[in-house]
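Trainee: I'd like to go over a predicted model; first the sequence, then the structure.
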Amino acid sequence: MAVHPAALIDPAARIHPSAEIGPYCVVGADVEIGAGTRLMAHVYLEGPTFIGEDNIFYPYSSVGVASQDLKYKGERAETRIGSRNRIREFVTIHRGTEGGGLLTSIGDDNLLMAYTHIAHDARIGSHCILGNAVTLAGHVTIEDWAIVEAFSGVHQFCRIGRHAFVGGYSVVTQDVLPYSQTVTPRESKVYGANKVGLKRRGFEAETIDTLQKFFRLLGSETLNTSQAIAQIEESVEDHAEVKELIEFIRSAKRGFIK
């Protein structure tokens, strides 16, 4: 493998021969690095951490370190990262805790921009983009294809649904609905379907229009949430995305952003 002589690698680390370790990187014991993954320079990895293939870690990123949760007492907990992720400068990713299943996980094909923070027990799906300095508290779930723009903060235990778009500087304290576009100058509000993002990903116009109708009903001043759901269920049959939205709403533990 290509290892710079200034790198420090624990003998117990498991590194694929095609991986690249740049200068001043530190790779601890019980770290596993897959094929084609590259640590550019000054990257710190602490185990147990398991990293897939063809990832790139930019300088000064820190992965797998102990949680900042004061309840964490040193129990064995893991960080798992999939393949083809781009982890930019100064990103911090903390391992899990007993209270959250002992695991922080990141899927495939994600972009974590500079200064992003992923706290303990967070779950990030695949194809997500987290903008500069996005901060996720513990136990946050980000589902596939979601985008969270720069300087946004997400409260612990909140979920951001699939294909959702959260605008910059947002403060997210409740679940963000799948397929929605949410912007928060002061208070989080859904502004309708994430039409641009859904169109780019090949969703049909009819599906986007139906989702837009759903969000209009949900935001109606004359209907409560139950009435809005009942009305949309009456008018839409066998629509997978609408069913997903309804199930997401019904399973929300902290409420959701309307």
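Mentor: Perfect, I can see it now. Numbering: from 1, shown residues only.
Trainee: Convert stretch 45-61 to PDB, retaining C-alpha atoms only.
Mentor: What follows is stretch 45-61, C-alpha atoms only, in PDB (Å, rounded to 0.1, in the frame of the first residue of the first chain):
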ATOM      1  CA  LEU A  45      -9.000   7.600  12.600                       C
ATOM      2  CA  GLU A  46      -9.800   5.800  15.900                       C
ATOM      3  CA  GLY A  47     -11.400   2.400  16.200                       C
ATOM      4  CA  PRO A  48     -13.600   0.400  16.100                       C
ATOM      5  CA  THR A  49     -14.100   2.000  12.700                       C
ATOM      6  CA  PHE A  50     -15.000   0.200   9.500                       C
ATOM      7  CA  ILE A  51     -14.600   2.100   6.200                       C
ATOM      8  CA  GLY A  52     -15.500   0.800   2.800                       C
ATOM      9  CA  GLU A  53     -14.000   1.300  -0.700                       C
ATOM     10  CA  ASP A  54     -13.000   4.400  -2.700                       C
ATOM     11  CA  ASN A  55     -13.700   7.000   0.000                       C
ATOM     12  CA  ILE A  56     -11.600  10.100   0.200                       C
ATOM     13  CA  PHE A  57     -10.800  11.800   3.500                       C
ATOM     14  CA  TYR A  58      -9.500  15.400   3.300                       C
ATOM     15  CA  PRO A  59      -7.000  17.000   5.700                       C
ATOM     16  CA  TYR A  60      -7.900  17.400   9.300                       C
ATOM     17  CA  SER A  61     -11.000  15.200   9.300                       C
END
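Trainee: Can you pull the poorly scored residue ranges out of this protein?
Mentor: Counting by pLDDT under 70, the chain contains low-confidence ranges at 1, 185-189.
Trainee: Domains in it, by residue range?
Mentor: Domain assignment of the chain by automatic domain parsing yields the ranges 2-142, 198-250.
Trainee: Dump the ones you listed to a markdown table, plus mean neighbour count and distance to Phe165.
Mentor: For the C-beta atoms, the positions are set from N, CA and C on the backbone; glycine is no exception. Output for the domains of the chain, formatted as a markdown table (neighbours: other CB atoms under 10 Å; distance: least, CB to CB, whole Å):
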| stretch | mean neighbour count | distance to Phe165 |
| --- | --- | --- |
| domain 2-142 | 19 | 10 |
| domain 198-250 | 15 | 9 |
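Trainee: and the ones you listed as JSON lines, adding distance to Gly153?
Mentor: Below are these laid out as JSON lines (distance: least, CB to CB, whole Å):
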{"stretch": "domain 2-142", "distance to Gly153": "5"}
{"stretch": "domain 198-250", "distance to Gly153": "21"}
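Trainee: which stretch among those comes nearest Gln156?
Mentor: With CB to CB as the criterion, Gln156 lies closest to domain 2-142 of the domains of the chain, at 3.8 Å.
Trainee: can you tell me the distance between the two ends of the closest one?
Mentor: The straight-line separation of the ends of domain 2-142 (CA to CA, to the nearest Å) is 34 Å.
Trainee: do stretch 63-71 as well
Mentor: 20 Å.
Trainee: And for stretch 122-138?
Mentor: Termini of stretch 122-138 sit 6 Å apart (CA to CA).
Trainee: what's the answer for stretch 107-115, then?
Mentor: Terminal-residue distance, stretch 107-115 (CA to CA): 19 Å.
Trainee: the strands in the stretch 151-258 of the chain, which residues?
Mentor: Using DSSP state E, counting those that start in this stretch, the strands of the stretch 151-258 of the chain run over 153-154, 159-160, 165-166, 171-172, 180-183, 189-193.
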